[in-house]
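Visitor: What follows is a predicted protein model with its sequence.
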There are 2 protein chains.
Amino acid sequence: MAPPHAQRARTKSDAGDELRLRAAWIYYMEGETQSNVAAILGVNRITVTRLLSEARRRGEVTIQIKGELASLIELQRDLEKRFGLERAIVAPVSDAKADPTAVIAAAAGAHISALMRAGLTIGVGWGRTLHESLPHIEGRNLKDVRVVSLLGGIMEARRFNPAEFAWRFAELFEAEGYLIPAPALVDSADARKVLLDQCGLEHVFKMAQTAEIAVFGAGGISEGSTTYKLGHLNESERKSLTEAGAVGDVLYNFIDGDGVPVNHPINDRVISVDLESLANIPQRVLVSGGSDKTVVIKAAIRAVSPTVLVTDELTARSLLKA
Amino acid sequence: MAPPHAQRARTKSDAGDELRLRAAWIYYMEGETQSNVAAILGVNRITVTRLLSEARRRGEVTIQIKGELASLIELQRDLEKRFGLERAIVAPVSDAKADPTAVIAAAAGAHISALMRAGLTIGVGWGRTLHESLPHIEGRNLKDVRVVSLLGGIMEARRFNPAEFAWRFAELFEAEGYLIPAPALVDSADARKVLLDQCGLEHVFKMAQTAEIAVFGAGGISEGSTTYKLGHLNESERKSLTEAGAVGDVLYNFIDGDGVPVNHPINDRVISVDLESLANIPQRVLVSGGSDKTVVIKAAIRAVSPTVLVTDELTARSLLKA
DNA sequence: TTGACAACTGAACGAAAGTTCAATTTAGTT
DNA sequence: AACTAAATTGAACTTTCGTTCAGTTGTCAA
């Protein structure tokens, strides 16, 4: 291109830039309607529409959402889209090294409070995070609420006991609590069969399966996980589960990375709602966080495709990374 | 307020923040329609409208227009609104100490180029800035363009002569040039009267008054102004003009801060289009800049209320300050 | 100069957003 | 527990916005 031509093109383009930016300014900064912008600039309204969309396309107009919350919301939206969630709730963490349980518990508590309504049947799991969320759940006097434990009790544990959690949860809403009158983990598959067949557990399981909402966690299988720290499973069991491909559990159902229950005898000794039934409950709220939980959370998502995930910022990023 | 109440209020407010920011995120960042946002969030579309406007009201959503040009455009809009201009053109200055004439000239040249069209009668003033804008005016072969000088010639000056500017301007468009065959400043009021009455100057003045566009500058009255540097007026004249309240001139019509011609003999010796006639030309383009010109520019605006002002960034800010 | 092509411009339509008003719910008070 | 006032919600309507298509202008090559 010859210099004169180039210069003309430049001049012309500059004038266009100017017009476009003037349009953007008057529309976005002064808040005029596009018709008014057109009148001020002496061009057609449609031209203004085009100028504005060109400005946005070029990134000359940027829209920012302020506040720390904004980045959390971005994470939430990314999680929702990535994992097909109705809702992801990401709790902020101030210190990367700190235990995120507290903030997750707070977020979970607030969300659960909002979910509760009269006439509801809600199934609940257990775990440290859920336990800690109790103080954040705003109790109300609701009619006809039924709280059903989704798994048997843990004999050995005083705290973080499924039975205790369900019980205190029910109390908050002055609701009826339905516990599974059996250990979560029995000694043999036969013992499980006997209990299920003969002790009327079917009834509670049926009710659990008719729950409209399920709230549960996901357990890791590392040495530091609650399950092992509390001694519910011993080291050799942990090892053999790992060898069988387990990455963690949901209600003591041990699953592999794809969310499929592993082929391991322990899975036959568990007295809890099975994953398929869990997946059939309309609203499934998975509450779990911590960087070591990433793998099991993914597995749990595959297993029961929760409608809601409550987690923390770091875990959220970790989940999105892979 | 009691703690429990406060806590409930906070929780509720937080939930509202969350919803609002989620709405803002999905609408502004993901570009969904408000209806879709409503569907995603499970609320009514109208609620989304309200959430978004609340977010904007709170400043949680900020729209930015990038680029250095943006600040210039803001200045332009401020000038336009402040002084009732159809258009303000603000040229950027890279160095605050540098002479802004060059950039103003470039901007003026581009604007004048855009104004030119066939059949136009355009009246032109003079001045250093206009002179320098000549290289930036893109000449074209336009039919029936008439270029009329708005004031007489300056005998003593070789450069920046009204006659020369009009002449070269006319050449650019291969137009007819109409010059006023007389000095801009004569020796006495009587001499002026004689020239006007007897030398057919009326004809050119009439044409000047029928111009559709006028392009002119504004001269300062400080010791360094072109007018005095070139020796058209001597120091005692400058002093007495200042004493009479003059802050500068438009086409050698000396005006005070309110834009009113000062009562001074020099104003009776000027052969140029008077300010009232100038104000009656439909399009009035005032080209002037430099920090020392602020006062006279304001005066000129009051005097002839230009439709277009071409100036530089610093002068623009200075004009807006008072 | 003429003709073909491309870029730009403007009108009409359909979609989206904002406003107003009535109805409902909620909170505070008696 | 019942009432009032305030806030919130949703439906109907108006305005504003975006897209499509046809017409125009300007540009380049033959």
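Guide: Looks like it came in fine.
Visitor: Now do the host helix or strand of residue A:182: distance to the chain's middle.
Guide: Here residue A:182 sits within strand A:176-183, counting by DSSP states H and E. Distance of strand A:176-183 from its chain centroid, counting by C-alpha atoms, centre = their mean, to the nearest Å, is 26 Å.
Visitor: Can you name every helix or strand that that strand contacts?
Guide: Strand A:176-183 sits against strand A:146-153, helix A:162-172, helix A:201-209, with contacts defined as 3 or more C-beta pairs under 8 Å, 6 or more residues apart in numbering or on different chains; DSSP states H and E. The C-beta positions use only the backbone N, C-alpha and C, and glycine is treated the same way.
Visitor: ok, and which of the ones you listed has the densest surroundings?
Guide: strand A:146-153 (a mean of 25; mean count of other C-beta atoms under 10 Å in any protein chain shown).
Visitor: In terms of secondary structure, what does that one contact?
Guide: The contact analysis (3+ C-beta pairs under 8 Å, 6+ apart) places strand A:146-153 against strand A:121-124, helix A:162-172, strand A:176-183, helix A:201-209.
Visitor: Could I get the CA-only coordinates of the helix or strand following the last one as PDB?
Guide: Think helix A:201-209. Downstream of helix A:201-209, the first helix or strand assigned by DSSP H and E is strand A:213-216. The C-alpha trace of strand A:213-216 is given here as PDB (Å, rounded to 0.1, in the frame of the first residue of the first chain):
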ATOM      1  CA  ILE A 213     -33.300 -34.000  50.200                       C
ATOM      2  CA  ALA A 214     -30.100 -35.800  51.100                       C
ATOM      3  CA  VAL A 215     -27.200 -34.100  52.800                       C
ATOM      4  CA  PHE A 216     -24.000 -36.100  53.000                       C
END
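Visitor: contacting residues around strand A:213-216?
Guide: Outside strand A:213-216, the residues within contact range by C-beta atoms under 8 Å, 6 or more residues apart in numbering or on different chains are A:108, A:112, A:115, A:120-127, A:130, A:150, A:250-251, A:273, A:278, A:281-287.
Visitor: returning to that earlier point: could the helices and strands packed on strand A:146-153 be laid out in JSON lines, adding mean pLDDT and distance to residue A:234?
Guide: Converted to JSON lines, these look like this (pLDDT from 0 to 100; distance: least, C-beta to C-beta, whole Å):
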{"stretch": "strand A:121-124", "mean pLDDT": "94", "distance to residue A:234": "27"}
{"stretch": "helix A:162-172", "mean pLDDT": "86", "distance to residue A:234": "20"}
{"stretch": "strand A:176-183", "mean pLDDT": "86", "distance to residue A:234": "16"}
{"stretch": "helix A:201-209", "mean pLDDT": "83", "distance to residue A:234": "26"}
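Visitor: could I get the ones you listed as a markdown table with distance to residue A:301?
Guide: What follows is the helices and strands packed on strand A:146-153, written out as a markdown table (distance: least, C-beta to C-beta, whole Å):
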| stretch | distance to residue A:301 |
| --- | --- |
| strand A:121-124 | 18 |
| helix A:162-172 | 22 |
| strand A:176-183 | 25 |
| helix A:201-209 | 20 |
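Visitor: Out of the ones you listed, flag the one nearest residue B:233.
Guide: The closest of those to residue B:233 is helix A:162-172. By C-beta to C-beta, the value is 91.7 Å.
Visitor: so how many other residues sit close to residue A:144?
Guide: Residues near residue A:144, counting by other C-beta atoms under 10 Å in any protein chain shown, number 11.
Visitor: now it, nearest residue through space, not along the chain?
Guide: residue A:119 (4.6 Å; C-beta to C-beta, 6 or more residues apart in numbering or on different chains).
Visitor: One more: residue A:271?
Guide: Here the residue nearest residue A:271, using C-beta to C-beta, 6+ apart, is residue A:152, at 4.1 Å.
Visitor: ok, residue A:70 - contacts?
Guide: Contacts for residue A:70 (C-beta under 8 Å, 6+ apart) come out as B:21, B:25.
Visitor: any idea which helix or strand carries it?
Guide: helix A:68-83.
Visitor: Now that helix: buried residues?
Guide: Residues of helix A:68-83 classed as buried: A:69-70, A:72-80, A:83 (neighbour count, 16 or more other C-beta atoms under 10 Å in any protein chain shown).
Visitor: ok and the residue in the stretch 101-250 of chain A nearest DNA strand C?
Guide: For the stretch 101-250 of chain A and DNA strand C, the shortest gap (C-beta to the nearest atom of the strand) falls at residue A:117, measuring 10.2 Å.
Visitor: Let me know whether that residue touches residue A:142 as I believe.
Guide: Yes. Counting by C-beta atoms under 8 Å, residue A:142 is a contact partner of residue A:117 at 6.6 Å.
Visitor: Does residue A:131 belong to a helix, a strand or coil?
Guide: When classified by DSSP: H, G, I helix; E, B strand; the rest coil, residue A:131 comes out as helix.
Visitor: Report the separation between it and chain B.
Guide: According to C-beta to the nearest C-beta, to the nearest Å, residue A:131 and chain B sit 20 Å apart.
Visitor: before we move on, what about residue A:283?
Guide: Residue A:283 is 12 Å from chain B, by C-beta to the nearest C-beta.
Visitor: related to what we said a few turns ago, so what's the residue count around the residue nearest to residue A:144?
Guide: So residue A:119, with other C-beta under 10 Å, has 10 neighbours.
Visitor: Can you tell me which of the buried residues of helix A:68-83 comes closest to residue B:296?
Guide: Distances from residue B:296 to those, taken as C-beta to C-beta, are shortest for residue A:70 (49.2 Å).
Visitor: For residue A:308, give me the pLDDT.
Guide: Residue A:308 is assigned a pLDDT of 96 by the prediction.
Visitor: Where do the helices of chain A begin and end?
Guide: A:3-24, A:34-41, A:45-57, A:68-83, A:101-115, A:128-133, A:162-172, A:189-198, A:201-209, A:226-229, A:235-243, A:275-280, A:294-304, A:313-321 (DSSP state H).
Visitor: a markdown table please, covering those and showing distance to DNA strand D.
Guide: Shown next, in a markdown table, are the helices of chain A (distance: least, C-beta to the nearest atom of the strand, whole Å):
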| stretch | distance to DNA strand D |
| --- | --- |
| helix A:3-24 | 7 |
| helix A:34-41 | 3 |
| helix A:45-57 | 4 |
| helix A:68-83 | 19 |
| helix A:101-115 | 12 |
| helix A:128-133 | 25 |
| helix A:162-172 | 21 |
| helix A:189-198 | 44 |
| helix A:201-209 | 31 |
| helix A:226-229 | 38 |
| helix A:235-243 | 47 |
| helix A:275-280 | 28 |
| helix A:294-304 | 30 |
| helix A:313-321 | 28 |
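Visitor: looking at those helices, which one has the lowest mean pLDDT?
Guide: helix A:3-24 (a mean of 58).
Visitor: tell me the contacts of the residue of the stretch 151-300 of chain A found nearest DNA strand D?
Guide: Using C-beta to the nearest atom of the strand, residue A:174 is the residue of the stretch 151-300 of chain A that sits closest to DNA strand D, at 15.7 Å. Residues in contact with residue A:174 (C-beta under 8 Å, 6+ apart) are A:139, A:141-142, A:145.
Visitor: Many thanks, we can stop here.
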